[in-house]
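the amino acid sequence is not available; the structure is as follows:
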């Protein structure tokens, strides 16, 4: 699976039944995936972080969040690039990063 900083179409879930027991790693589709589509996850697992809006308004780069009164704000471009380079050895070229956002 490849990385994308946004619109990951797969969420990975680690399932363990306990110490010494077999574990599984399941991929869960986040949207409809057509045959031949690239499977993408967010390697960092936090390209978006939940925040409380300061004025109750969403800023550019934010989406509705899970908890009422919160939104999801993108982790800054430079921070994502640094973490991916340090942890995975590559510079992200997803559409969001190509746009420098």
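That came through fine. Model, not experiment: these values are computed from the prediction.

can you give me the end-to-end distance of stretch 6-13?
Between the opening and closing residues of stretch 6-13 there is a gap of 18 Å (CA to CA, to the nearest Å).

all further residue positions should be reported with the first residue as 30.
Got it, the first residue is 30 from now on, which makes the last one we talked about stretch 35-42.

now it: mean pLDDT?
Stretch 35-42 carries an average pLDDT of 83.

need the contact partners of it.
Applying CB atoms under 8 Å, 6 or more residues apart in numbering, the contact partners of stretch 35-42 are 30, 54-60, 62, 66, 68-71, 76-77, 103, 123-125. For the C-beta atoms, the positions are set from N, CA and C on the backbone; glycine is no exception.

any idea which helix or strand in the chain has the lowest mean pLDDT?
Counting by mean pLDDT, DSSP states H and E, the weakest-scoring helix or strand in the chain turns out to be strand 91-93, with a mean of 44.

great, nothing more from me.
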